[in-house]
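Visitor: Below are the sequence and a predicted model; questions follow.
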2 protein chains.
Amino acid sequence: MTEYTLHCFAESGNAYKVALMLELTGQDWAPVFVDFFNGQTRGQDWRDAVNEQGEVPVLEHAGEKLTQSALILDYLAERTGQFGPRDDIEKREIWRWMLFDNHKFTSYYAALRFIFCLKQMGESDVTRFLRERARAAYQIVDAHLAKTPFMVGGRLTIADLSLAGYVYMPEDTGLALSEFRHVEAWKARIQEVPGWKHPYDLMPGTAA
Amino acid sequence: MTEYTLHCFAESGNAYKVALMLELTGQDWAPVFVDFFNGQTRGQDWRDAVNEQGEVPVLEHAGEKLTQSALILDYLAERTGQFGPRDDIEKREIWRWMLFDNHKFTSYYAALRFIFCLKQMGESDVTRFLRERARAAYQIVDAHLAKTPFMVGGRLTIADLSLAGYVYMPEDTGLALSEFRHVEAWKARIQEVPGWKHPYDLMPGTAA
């Protein structure tokens, strides 16, 4: 029995945020595969037993079930003493970027990738709408990263791990990533951190 | 000079979350109107001077600018001693619902309202997509409120104030609110709290 159990699947960037944090901080953890693509998270049984919000990641630790990637990252930073804030001002900076990530940066990009790349529903007004929203969020993060190597405090923190949830996913969403050269440089910096792994190498995936 | 200054506009439910918190906790505060509909938050000047994330609300307090409604609610709960968590477990419960709100509940509903009601772009695949996503989020909150009068701890907390950001907006988004009777009952309970005000009575709006 490992100390941490993560309910996840490889295609989930939200689960990757937590998986990478567990890996980089050297925790004793194991994944439990969630069959999202066959509707497991939409089932009432799963919602009653695991997460009423119908989402991964869910982290089991010390008899508790923790949900929401940003909250789990904050919990792990506090417990491990790694990648967290140094003071209250940094703490608020980290949280405001994790919230921006949940509301816009990850949110629109992940929705676009899901319907355009994974469900392969083709180009439509919906994909164009999501791509424009994702682009606007990327522009804001890119402008921030023009001024600093990492999002907060000049070093890797959980704010970066949150925003980086989907940026290594290999699928082509039609968003021209070369427009965002500061984001691209930041992605490379994170990949250089010892122990970094790609989401598809860190969590069990759904057979294609 | 008031103690708190809130950059906001009446049509913003995200700003309303903070305005209502300031009002219900009896703070000395004043709004500063942000001309969102004429592009003020998209201007580089505003982003440099007020918020690089290009969003309201922004709360000025004690020489600091705070952004992201959930973070501001947490800050105010801590400072005022009102509507916050009683312990660490409640704190995580509150945060996980505020995150769900930012990611899905407020997010999809507000985007739908913006393009369908405020910009009046008509029914389209995009509005149908957003309405389906909003409905799924409403169902999850409705199922939770079937079991409890308020989101966390059986009493009004900042989790409720976050989720309630857009629920009093008068515009018809085409989402059948009568489907969500537990949400409707919860809305009525919040309206009964002494000092409750409608967003359009609490913040300066844009001339129609």
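Guide: Cool, the structure landed. Residues are numbered from 1 along each chain as shown, chains lettered A, B, ... in the order given.
Visitor: Would you mind listing what in chain A touches chain B?
Guide: A:52-55, A:66-68, A:70-71, A:75, A:92, A:95-96, A:99-100, A:102-103, A:107, A:111, A:124-126, A:129, A:133, A:140, A:143-144 (CB under 8 Å from any CB of the partner chain). All C-beta spots, glycine's among them, are computed from the backbone N, C-alpha and C.
Visitor: what ranges do the strands span in chain A?
Guide: Listed in chain order, the strands of chain A (DSSP state E) span A:4-8, A:29-33, A:58-61, A:64-67.
Visitor: could you say what helices and strands the third one packs with?
Guide: Pointing back at strand A:58-61 there. Packing contacts for strand A:58-61, counted by 3 or more CB pairs under 8 Å, 6 or more residues apart in numbering or on different chains; DSSP states H and E, involve strand A:4-8, strand A:64-67.
Visitor: I'd like to know how far the residue nearest to the spatial centre of chain A sits from A:Met203.
Guide: For chain A, the residue sitting closest to the mean C-alpha position, by CA atoms, centre = their mean, is A:Gly165 at 2.7 Å. Distance, A:Gly165 to A:Met203, using CB to CB, to the nearest Å: 12 Å.
Visitor: what do these two both touch?
Guide: A:Tyr16 (CB atoms under 8 Å, 6 or more residues apart in numbering or on different chains).
Visitor: A:Tyr168 touches A:Pro199, doesn't it?
Guide: Yes - the pair A:Tyr168 and A:Pro199 passes the contact test of CB atoms under 8 Å, sitting 6.2 Å apart.
Visitor: Overlap in contacts, those two.
Guide: With CB under 8 Å, 6+ apart, A:Tyr168 and A:Pro199 have common neighbours A:Tyr16.
Visitor: Show me which of the two is the more surrounded one.
Guide: Higher neighbour count among A:Tyr168 and A:Pro199: A:Pro199, with 24 against 17, using other CB atoms under 10 Å in any protein chain shown.
Visitor: Can you give the contact residues for stretch A:6-16?
Guide: By CB under 8 Å, 6+ apart, stretch A:6-16 touches A:18-19, A:22, A:29-37, A:50-51, A:55-60, A:69, A:106, A:110, A:118, A:165-166, A:168-169, A:199-200, A:202-206.
Visitor: buried ones in stretch A:142-158?
Guide: A:142-145, A:150-153, A:156-158 (16 or more other CB atoms under 10 Å in any protein chain shown).
Visitor: what about it, start to end distance?
Guide: End-to-end distance for stretch A:142-158: 17 Å, by CA to CA, to the nearest Å.
Visitor: circling back: buried ones among the residues of chain A next to chain B?
Guide: A:52-55, A:66-68, A:70-71, A:75, A:92, A:95-96, A:99-100, A:102-103, A:107, A:111, A:126, A:129, A:133, A:140, A:143-144.
Visitor: returning to that earlier point: now, of the contacts of stretch A:6-16, which are buried?
Guide: Buried among the contacts of stretch A:6-16 by 16+ other CB under 10 Å: A:18-19, A:22, A:29, A:31, A:34, A:36, A:50-51, A:55-60, A:69, A:106, A:110, A:165-166, A:168-169, A:199, A:202-203.
Visitor: quick one on the thing from earlier: nearest to B:Asp45, out of the helices and strands packed on strand A:58-61?
Guide: strand A:64-67 (39.3 Å; CB to CB).
Visitor: gap between stretch A:123-139 and the chain center?
Guide: 19 Å (CA atoms, centre = their mean, to the nearest Å).
Visitor: whoops, I mixed them up, stretch A:115-135
Guide: So, by CA atoms, centre = their mean, the centroid of stretch A:115-135 is 19 Å from its chain's centroid.
Visitor: How much space separates the closest residue to the residue nearest to the centre of chain A other than its chain neighbours from B:Gln82?
Guide: Excluding the flanking residues, the one nearest A:Gly165 by CB to CB, 6 or more residues apart in numbering or on different chains is A:Gly13, at 3.5 Å. Going from A:Gly13 to B:Gln82 by CB to CB gives 36 Å.
Visitor: higher neighbour count, those two?
Guide: Under the criterion of other CB under 10 Å, the comparison of A:Gly13 against B:Gln82 puts A:Gly13 first, with 21 against 16.
Visitor: ok, back up a step: and the strands of chain A as a markdown table, adding mean pLDDT and distance to A:Thr41?
Guide: As requested, the strands of chain A are exported to a markdown table (pLDDT from 0 to 100; distance: least, CB to CB, whole Å):
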| stretch | mean pLDDT | distance to A:Thr41 |
| --- | --- | --- |
| strand A:4-8 | 98 | 9 |
| strand A:29-33 | 98 | 12 |
| strand A:58-61 | 98 | 10 |
| strand A:64-67 | 97 | 11 |
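Visitor: what residues are up against A:Pro194?
Guide: Neighbours of A:Pro194 in contact, by CB under 8 Å, 6+ apart: none.
Visitor: related to what we said a few turns ago, of the helices and strands packed on strand A:58-61, flag the one that's most buried.
Guide: strand A:4-8 (a mean of 22; mean count of other CB atoms under 10 Å in any protein chain shown).
Visitor: now it: how far from the chain's centre is it?
Guide: When C-alpha coordinates are averaged (CA atoms, centre = their mean), strand A:4-8 and its chain have centres 14 Å apart.
Visitor: Can you list the strands that it pairs with?
Guide: strand A:29-33 (parallel), strand A:58-61 (antiparallel) (DSSP bridges).
Visitor: how far does the longest one sit from the chain's center?
Guide: Meaning strand A:29-33. On CA atoms, centre = their mean, the centre of strand A:29-33 falls 16 Å from the chain's centre.
Visitor: Please name the nearest non-neighbouring residue to A:Phe116.
Guide: A:Thr127 is the one closest to A:Phe116 (CB to CB, 6+ apart), at 4.8 Å.
Visitor: Surely that neighbour and A:Leu175 touch.
Guide: No - under the criterion of CB under 8 Å, A:Thr127 makes no contact with A:Leu175, lying 10.2 Å away.
Visitor: Please say which of those two ends up with more neighbours.
Guide: When A:Thr127 and A:Leu175 are compared for neighbours, A:Thr127 comes out ahead with 22 against 19, by other CB under 10 Å.
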